[in-house]
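**Student:** A predicted structure for the sequence below; I have some questions about it.
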Number of protein chains: 2
Amino acid sequence: MSVSVIMYARIMTRWEPDSRGRLEMAALELYLEQGFDQTTVAQIAERAGLTERTFFRHFADKREVLFSGGATFQSLITSTAAAADHDLGPLDAAMVGFEAVGAFFQDRRTLVQQRHSIIAANAELQERELIKLQSLAVALADTLRGRGVSDPSAALIAEVAGAVFKISFEVWVTDAESRDLAQVLRQSLGELRSLASIT
Amino acid sequence: MSVSVIMYARIMTRWEPDSRGRLEMAALELYLEQGFDQTTVAQIAERAGLTERTFFRHFADKREVLFSGGATFQSLITSTAAAADHDLGPLDAAMVGFEAVGAFFQDRRTLVQQRHSIIAANAELQERELIKLQSLAVALADTLRGRGVSDPSAALIAEVAGAVFKISFEVWVTDAESRDLAQVLRQSLGELRSLASIT
């Protein structure tokens, strides 16, 4: 790359704020103000001061704005679980992965809450969220197999860890006390262990 | 109801085999032979020797043929869990509910396997199955609250019980050994307890 290209890239970065981020913020604002169904891609682009063409360079459709982070979270969870202390049992290793995402969410609590309220208001978006969580459980089962857990135990523990995360996330995102997500995760895991052993 | 109406109903029951059941069998055959996407309601009605109008008196669409039993299973699971021995902890009570459905599936193993292979071949049907399982977890959480379990524990245990059922069902439905579903359920629960307690 020539020096002038590098300089140009630096100037663009400095002077033009990230279009992807601007589109995300504009979409989130509009979904909250007027509802997901009522919002068009044209409106999102206009609010961001960009063109529809730029929108479609970043996102396949208006739903994708809410779910494009999923792949990153999935990688973070599975790579953290894969690298977790090998003395940890499979459920604890999986939870270490979810705690890593918990810290990321914690730093962006307001944004995560806004996204959650948009999804909670729309059945189709809730279904999409559920399907993403299912893909995550499938990927996590693969990670656990990589840690030497055989099937069906790997699939079972991945599903159960996903369930603990799902319920903990719901508690945290609607929690008035603003407890730490990692703390809620550990508390849910403790409750599961205590309730599941009563026979 | 007059005697003649009752007699007519009896004759109809005796001489005309149940149209709903005939439509279900015809649909299952066609989905297996040529795929779900390639099958039309007209073909199902023709195979059953009935009209499309009769089909739509029983089912909203061709997908519904595969999922209309869901409400019955949900009632069976939640009512059995609600009535389970009050000394049982919430996870065991939920599992008693799932075991009731297990016995029903066990008696119809071939049909259940056929339905499963149709769903496994189609992403849209898999998503529908996932959403139905989610509704079941919500209903089961309500049952556990009725047994005095507070939230978020009720929601957590309902999700975990759903996960145990999901994985057990997948093991059972593809199992060459034809073990009993109730037995697979108990084995999965045992594995969860053993793997979840290792720290």
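**Tutor:** Received it, and whenever you're ready, just let me know what you need.
**Student:** host element of the residue nearest to A:Ser188 when sequence neighbours are not counted?
**Tutor:** Nearest non-adjacent residue to A:Ser188, counting by CB to CB, 6 or more residues apart in numbering or on different chains: A:Ser168, 4.4 Å away. The way it works is simple: take the backbone N, C-alpha and C, and place the C-beta from them, glycine included. A:Ser168 belongs to helix A:153-173 when assigned by DSSP states H and E.
**Student:** so how far is the helix or strand just after that helix off the chain centroid?
**Tutor:** The helix or strand immediately downstream of helix A:153-173 is helix A:181-196, counting by DSSP H and E. Its chain's C-alpha centre and that of helix A:181-196 lie 20 Å apart, by CA atoms, centre = their mean, to the nearest Å.
**Student:** Can you mark which positions in helix A:181-196 are buried?
**Tutor:** Buried residues in helix A:181-196, counted by 16 or more other CB atoms under 10 Å in any protein chain shown: A:181-182, A:184-186, A:188-189, A:191-192, A:195-196.
**Student:** now swap in stretch A:149-162 and tell me
**Tutor:** By 16+ other CB under 10 Å, the buried positions in stretch A:149-162 come out as A:149, A:152-162.
**Student:** Looking at it now, give me its mean pLDDT.
**Tutor:** Summarised as a single mean, pLDDT over stretch A:149-162 is 95.
**Student:** I'd say A:Arg193 and B:Ser197 touch.
**Tutor:** Yes - the criterion here is CB atoms under 8 Å, and A:Arg193 meets it with B:Ser197 at 6.6 Å.
**Student:** burial of A:Arg108, as a residue count?
**Tutor:** For A:Arg108, the neighbour count with other CB atoms under 10 Å in any protein chain shown is 11.
**Student:** try A:Ser168
**Tutor:** Neighbour tally, A:Ser168, other CB under 10 Å: 25.
**Student:** again, but for A:Phe105
**Tutor:** Neighbourhood size, A:Phe105 [other CB under 10 Å]: 17.
**Student:** ok, and the closest non-adjacent residue to it?
**Tutor:** Using CB to CB, 6+ apart, the closest residue to A:Phe105 is A:Val112 (5.0 Å).
**Student:** Need the three-state assignment for that neighbour.
**Tutor:** helix (DSSP: H, G, I helix; E, B strand; the rest coil).
**Student:** What about chain B: which of the buried residues of stretch A:149-162 touch it?
**Tutor:** By CB under 8 Å from any CB of the partner chain, the members of these lying near chain B are A:149, A:152-153, A:155-157, A:159-160, A:162.
**Student:** Mind checking what helix or strand follows the helix or strand of chain A with the lowest mean pLDDT in sequence?
**Tutor:** When each helix and strand of chain A is scored by mean pLDDT, DSSP states H and E, helix A:3-15 comes last, with a mean of 47. Going down the chain from helix A:3-15, the next helix or strand is helix A:19-34, by DSSP H and E.
**Student:** Identify each buried residue in that next one, please.
**Tutor:** A:19-20, A:22-28, A:30-31.
**Student:** which one of these is nearest chain B?
**Tutor:** A:Tyr31 (21.9 Å; CB to the nearest CB).
**Student:** and A:Phe169, how many residues sit next to it?
**Tutor:** A:Phe169: 21 surrounding residues under other CB under 10 Å.
**Student:** That one reaches A:Leu181, doesn't it?
**Tutor:** Yes - A:Phe169 is within contact range of A:Leu181, at 7.2 Å (criterion: CB under 8 Å).
**Student:** list residues touching both of the two?
**Tutor:** A:Phe105 (CB atoms under 8 Å, 6 or more residues apart in numbering or on different chains).
**Student:** Chain B contacts on chain A?
**Tutor:** A:88-92, A:127, A:130-131, A:134, A:149, A:152-153, A:155-157, A:159-160, A:162-164, A:166-168, A:170-171, A:188, A:191-193, A:195-199.
**Student:** rewinding a little: any chance of CSV for the buried residues of helix A:181-196, columns distance to B:Asp61 and pLDDT?
**Tutor:** What follows is the buried residues of helix A:181-196, written out as CSV (distance: CB to CB, whole Å; pLDDT from 0 to 100):
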residue, distance to B:Asp61, pLDDT
A:Leu181, 40, 91
A:Ala182, 44, 90
A:Val184, 41, 93
A:Leu185, 40, 94
A:Arg186, 45, 93
A:Ser188, 38, 94
A:Leu189, 41, 93
A:Glu191, 41, 91
A:Leu192, 38, 92
A:Leu195, 40, 86
A:Ala196, 39, 84
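**Student:** quick one, longest helix in chain A?
**Tutor:** Secondary structure of chain A per DSSP state H: the longest helix is helix A:123-146.
**Student:** For that helix, list every residue counted as buried.
**Tutor:** For helix A:123-146, by 16+ other CB under 10 Å, it's A:125, A:127-129, A:131, A:133-134, A:136-137, A:139-141, A:143-145.
**Student:** Summarise which helices and strands that helix is packed against.
**Tutor:** Using 3 or more CB pairs under 8 Å, 6 or more residues apart in numbering or on different chains; DSSP states H and E as the contact test, the elements touching helix A:123-146 are helix A:64-67, helix A:70-83, helix A:90-107, helix A:109-120, helix A:153-173, helix B:123-146.
**Student:** again, only this time at 10 Å
**Tutor:** helix A:64-67, helix A:70-83, helix A:90-107, helix A:109-120, helix A:153-173, helix B:123-146, helix B:153-173 (3 or more CB pairs under 10 Å, 6 or more residues apart in numbering or on different chains; DSSP states H and E).
**Student:** which stretches of chain A have low pLDDT?
**Tutor:** A:1-17, A:198-199 (pLDDT under 70).
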